[in-house]
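> take this sequence and fold it.
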Amino acid sequence: VTGVQTCALPISRILFTSRKFIWLLPSYSLALYAHRYLENNIAPLLAQRYLHNSAWAQLMVGGSNFGELLGALFVFLFTNLVTTPMPWLRLDACGLLIVWYLAFWHPTPGNVSSAWMVAGTFIPISFGWAAGDISLSAYLQAMLHRQEHERKDVSALVTVMAFLYSTYIVTYSICSPLLGTYIDKVSAANGGDVHQAVLYVGGVQFTIIACTVFAATFIPRSEEHTS
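I've put the predicted structure just below:
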């Protein structure tokens, strides 16, 4: 019990009592949730219901992974030029809007080139997420450096990152089955057509996340952007 209380106090004090850190909850946890939902839910849905070949989901995920690699490499090369995670997070938010085209896309089933096209459109989405995630992690390490010296009993960085990741896990574990049930209902009501479901679980959901993440980047004061 003492250990839980010791960890809970730094979390509440660090995240919820400072304008410098309160924006991290949507910027990290929601962005990570959107990325995982894209790879684990939307890609299999497209492969199975649009293209009628579940195996092609791996092609789409491969495109997403390649985008992550490019994003990480880009941040590594330009880390001294862009010293704040805000541009990358805003790029991540804007990239999520790309999924809108999927709700109005009617590919020919069994055409592998359509799977490659989706993989290509996933690249910029995951590029933005990877760039934002890496730069945000570096920002956290720099900003929590002082708290690491103030408290010797618990790591502020580990505590905050664990809380943010746990928030993502809880969000995904709740939303994924609920949205999956909704997709099944839409599919049953429309003879297997899931375009309406993709409109909401993709376009609408990702737009809400994008607006939330984008708005959160304006919460810290300008002098807090740099590390």
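> now what about stretch 181-192, what contacts it?
Contacts with stretch 181-192, where a contact means Cβ atoms under 8 Å, 6 or more residues apart in numbering, come from 45, 49, 193-194, 196-197, 200-201. Where you see a C-beta, it was placed from the backbone N, CA and C, and this is true even at glycine.
> give the contact list for residue 43.
Per Cβ under 8 Å, 6+ apart, neighbours of residue 43: 57, 60-61, 64, 118, 122.
> that one sits in which helix or strand?
In the assignment (DSSP states H and E), residue 43 maps to helix 43-45.
> how about residue 139?
Per DSSP H and E, the secondary structure element for residue 139 is helix 112-143.
> elements contacting that helix?
helix 31-37, helix 57-77, helix 86-95, helix 156-189 (3 or more Cβ pairs under 8 Å, 6 or more residues apart in numbering; DSSP states H and E).
> quick one: buried residues of the second one?
Along helix 57-77, the positions that meet the burial threshold by neighbour count (16 or more other Cβ atoms under 10 Å) are 57, 59-68, 70-72, 74-75.
> equivalent analysis for the last one, please.
For helix 156-189, burial by neighbour count (16+ other Cβ under 10 Å) applies to 156-157, 159-161, 163-164, 167-168, 171-172, 176, 179, 183, 186-187.
> which residue in these has the weakest pLDDT?
When the buried residues of helix 156-189 are compared on pLDDT, residue 156 comes out lowest, with 67.
> okay, now residue 48: neighbour count?
Other residues lying near residue 48 total 15 when counted by other Cβ atoms under 10 Å.
> likewise the one 5 residues further on?
Around residue 53 sit 16 other residues, with neighbours defined as other Cβ under 10 Å.
> what's the pLDDT at it?
95.
> quick check, it in contact with residue 46.
No. In this structure residue 53 lies outside contact range of residue 46 using Cβ atoms under 8 Å: 10.2 Å.
> quick one: stretch 160-173 to chain centroid distance?
Distance, stretch centre to chain centre, for stretch 160-173: 12 Å (Cα atoms, centre = their mean, to the nearest Å).
> CA atoms only: put it into PDB for me.
Output of stretch 160-173 as PDB, limited to C-alpha atoms (Å, rounded to 0.1, in the frame of the first residue of the first chain):
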ATOM      1  CA  VAL A 160       4.900   9.200 -15.500                       C
ATOM      2  CA  MET A 161       5.600   6.900 -18.500                       C
ATOM      3  CA  ALA A 162       4.000   3.900 -16.800                       C
ATOM      4  CA  PHE A 163       0.900   6.000 -16.100                       C
ATOM      5  CA  LEU A 164       0.600   7.300 -19.600                       C
ATOM      6  CA  TYR A 165       1.100   3.800 -21.100                       C
ATOM      7  CA  SER A 166      -1.400   2.400 -18.600                       C
ATOM      8  CA  THR A 167      -3.900   5.000 -19.800                       C
ATOM      9  CA  TYR A 168      -3.400   3.900 -23.400                       C
ATOM     10  CA  ILE A 169      -4.000   0.200 -22.400                       C
ATOM     11  CA  VAL A 170      -7.200   1.000 -20.500                       C
ATOM     12  CA  THR A 171      -8.500   3.200 -23.400                       C
ATOM     13  CA  TYR A 172      -7.700   0.500 -26.000                       C
ATOM     14  CA  SER A 173      -9.200  -2.300 -23.900                       C
END
